[in-house]
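attaching a predicted model along with its sequence, questions to come.
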Amino acid sequence: MSFVSHLEHEYDRVKTRVDGLLARVDLAWKKLSNQLDAEQLQALVNLLQRAHDQAQYAIIHGELPPGQAPVPWELAHGLSLLHLGNAARLPQTEAELQTQVMKDGTLLGCRQWELLDLRWSEALLNWIENLRNHAPFGTTPALIEMADDVLLDMAGDWGTGYFDSASAAQRVAELMLQDKPDYTIHLGDVYYAGTGSEEGADLKNWPQGTQASFSLNSNHEMYSGAHGYFAEIDALFPKQQSTSYFALFNTHWLIVGLDSAYAADEMSLYMDGNLAPAQQQWLQDLVASKGQGRKIMLLSHHQGLDITGQTQTALYQQVVAALGRAPDYWYWGHLHNGICYAPQGGMYGRCIGHGAIPYGPTREVKGNPRVQWSETLSADDPDYPQRVRNGYVRVTLQGATITEAFVGENGAVSWPLA
């Protein structure tokens, strides 16, 4: 398919939205201009321009510019492809149109869920519209006592919905249901912007645990001000008590689910996890009352370590300050990878952001001694030939013993290796 025919096809898919998007962008930008001071508005313009510049560079080179921290430029580039704002350079040749796998495993291409997918424009637009319009933050977190033997199934970044006839999201959900877990937990991200309609459509088939299910807040839910997210946890996750953080405990374990998105920097598109002071205090009080003599398992959307496992994030520092130590296990999403890190500082870090979004092998962690395993096995997907397996993690707690299994979308255990 030529670039022109591809772009025409993509325009046909979003044609009914284009005129509405143009009008919404104009209205939202005018409203935002009245809400931000000149310095804030300029910072926003600079962020969008930087996003466009990175997109242009990546299209040509297949990677981000050397030495630059990544910004979520797929959102800004989505608007550029609709000819909104400063248009980034479009792919010009058949070779440039071909999907490339970036070093972090992200698929750089124009198909659905890839970085140049036109539909990301909806995420950026919702962010602009809701930058000063957030849902109220729930403050009645659940504290639930579990049995000493318990089965947990968890997946991150699962909220694509069943976007094709055999989507990874559907296969992952079916496998989790077969496990009959006591608890299931989604670590956040419903695409494209966590709107009410997307939450309702994409989370309605979330596999429910026999005891309870939970869902964490994320950057994508925050793009629409978390209005859809909080409505959805009321509808599908009643045990959360209208609150985006919670805790489970038994004789040996304290499991803590955190909201790392609500207090994140909105001008950085909520990309870096952060805890508000009230949640930090809740975590500190929780550990004081329930943490003594128990192992701690932490769950969040944002990561505690960078993708290489070499750098601790600001969220890591906040968590350790509140706990008084590193958690024993920490599962996060956000990065669309399946990665197990070698223990460091007493903590086993795990990235399980590979629930549904197509991604490729992560060259950035290859040969890294801090990484015990990352998913590299092909999904054998003719629509996304570079894609490796999506999946979830099955965690069995038997007394003080924990057993992990990273399960691929085909039902095979990817890690630990047999």
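Yes, it's here. Residues are numbered from 1 along each chain as shown.

so which helix or strand takes in residue 247?
Using DSSP states H and E, residue 247 maps to strand 246-249.

strand partners (parallel or antiparallel) of that strand?
strand 142-145 (parallel), strand 253-257 (antiparallel) (DSSP bridges).

now these as CSV including mean pLDDT?
Converted to CSV, the strands paired with strand 246-249 look like this (pLDDT from 0 to 100):
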stretch, mean pLDDT
strand 142-145, 98
strand 253-257, 98
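
between those, which gets nearest to residue 31?
strand 253-257 (33.8 Å; C-beta to C-beta). (Glycine included, C-beta is placed from N, CA and C.)

show me what the host helix or strand of residue 56 is packed up against.
Assessed by DSSP H and E, residue 56 sits inside helix 38-61. In terms of contacts (3 or more C-beta pairs under 8 Å, 6 or more residues apart in numbering; DSSP states H and E), helix 38-61 is packed against helix 3-35, helix 73-81.

lowest average pLDDT across those?
In terms of mean pLDDT, the lowest-scoring of the helices and strands packed on helix 38-61 is helix 73-81 (a mean of 54).

ok, the residue positioned nearest the centre of the chain to residue 313 distance?
Centroid-nearest residue in the chain, with C-alpha atoms, centre = their mean: residue 334, separated by 3.1 Å. Applying C-beta to C-beta, to the nearest Å, the value for residue 334 to residue 313 is 10 Å.

may I have the strand holding residue 247 as CSV, with CA atoms only?
Written as CSV, here are the backbone C-alpha positions of strand 246-249 (Å, rounded to 0.1, in the frame of the first residue of the first chain):
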residue,chain,number,x,y,z
PHE,A,246,-6.5,0.1,48.2
ALA,A,247,-4.9,-2.6,50.3
LEU,A,248,-5.2,-6.3,50.8
PHE,A,249,-3.6,-8.2,53.6
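
who's in contact with it?
With contact meaning C-beta atoms under 8 Å, 6 or more residues apart in numbering, strand 246-249 is reached by 141-146, 183, 214, 239-240, 254-257, 286, 290, 294.

report the buried members of those residues.
Buried members of those, counted by 16 or more other C-beta atoms under 10 Å: 141-142, 144, 146, 183, 214, 240, 254-257, 286, 290, 294.

one step back: could you report the pLDDT at the residue nearest to the centre of the chain?
96.

what of residue 106?
91.

phi and psi next, for it.
Main-chain dihedrals, residue 106, degrees, to the nearest 10: phi -70, psi 140.

contacting residues for it?
115, 336, 359-360.

what does residue 330 give?
Applying C-beta under 8 Å, 6+ apart, the residues contacting residue 330 are 297-300, 304, 319, 347-350.

one more time with 6 Å, if that's ok
By C-beta atoms under 6 Å, 6 or more residues apart in numbering, the residues touching residue 330 are 298, 304, 347, 349.

and residue 163, how far from residue 407?
Residue 163 is 21 Å from residue 407, where distance means C-beta to C-beta.

how about the helices in the stretch 51-200 of the chain?
For the stretch 51-200 of the chain, helices defined by DSSP state H, counting those that start in this stretch occupy the ranges 73-81, 94-97, 120-129, 168-179, 196-202.

coming back round to it: which of residue 163 and residue 407 has more neighbours?
Taking other C-beta atoms under 10 Å, residue 163 and residue 407 do not tie; residue 407 has more neighbours (22 against 14).

dump the C-alpha coordinates for the helix holding residue 56 into PDB.
Extracted in PDB, the C-alpha atoms of helix 38-61 (Å, rounded to 0.1, in the frame of the first residue of the first chain):
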ATOM      1  CA  ALA A  38       1.700  33.200  29.800                       C
ATOM      2  CA  GLU A  39       4.500  31.100  31.200                       C
ATOM      3  CA  GLN A  40       2.400  28.000  31.500                       C
ATOM      4  CA  LEU A  41       1.000  28.400  28.000                       C
ATOM      5  CA  GLN A  42       4.400  28.800  26.600                       C
ATOM      6  CA  ALA A  43       5.600  25.700  28.400                       C
ATOM      7  CA  LEU A  44       2.700  23.800  26.800                       C
ATOM      8  CA  VAL A  45       3.500  25.100  23.300                       C
ATOM      9  CA  ASN A  46       7.200  24.100  23.900                       C
ATOM     10  CA  LEU A  47       6.100  20.600  24.900                       C
ATOM     11  CA  LEU A  48       4.000  20.100  21.800                       C
ATOM     12  CA  GLN A  49       6.800  21.500  19.600                       C
ATOM     13  CA  ARG A  50       9.300  19.200  21.200                       C
ATOM     14  CA  ALA A  51       6.900  16.300  20.600                       C
ATOM     15  CA  HIS A  52       6.700  17.200  16.900                       C
ATOM     16  CA  ASP A  53      10.400  17.500  16.600                       C
ATOM     17  CA  GLN A  54      11.000  14.000  18.200                       C
ATOM     18  CA  ALA A  55       8.300  12.600  15.900                       C
ATOM     19  CA  GLN A  56      10.100  14.000  12.800                       C
ATOM     20  CA  TYR A  57      13.400  12.600  13.900                       C
ATOM     21  CA  ALA A  58      12.000   9.200  14.800                       C
ATOM     22  CA  ILE A  59      10.300   8.800  11.400                       C
ATOM     23  CA  ILE A  60      13.600   9.300   9.700                       C
ATOM     24  CA  HIS A  61      15.900   7.400  12.100                       C
END
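
now do that helix against helix 120-129, angle only.
Computed by axes from the mean of the first three to the mean of the last three C-alpha atoms, to 10 degrees, the angle separating helix 38-61 from helix 120-129 equals 170 degrees.
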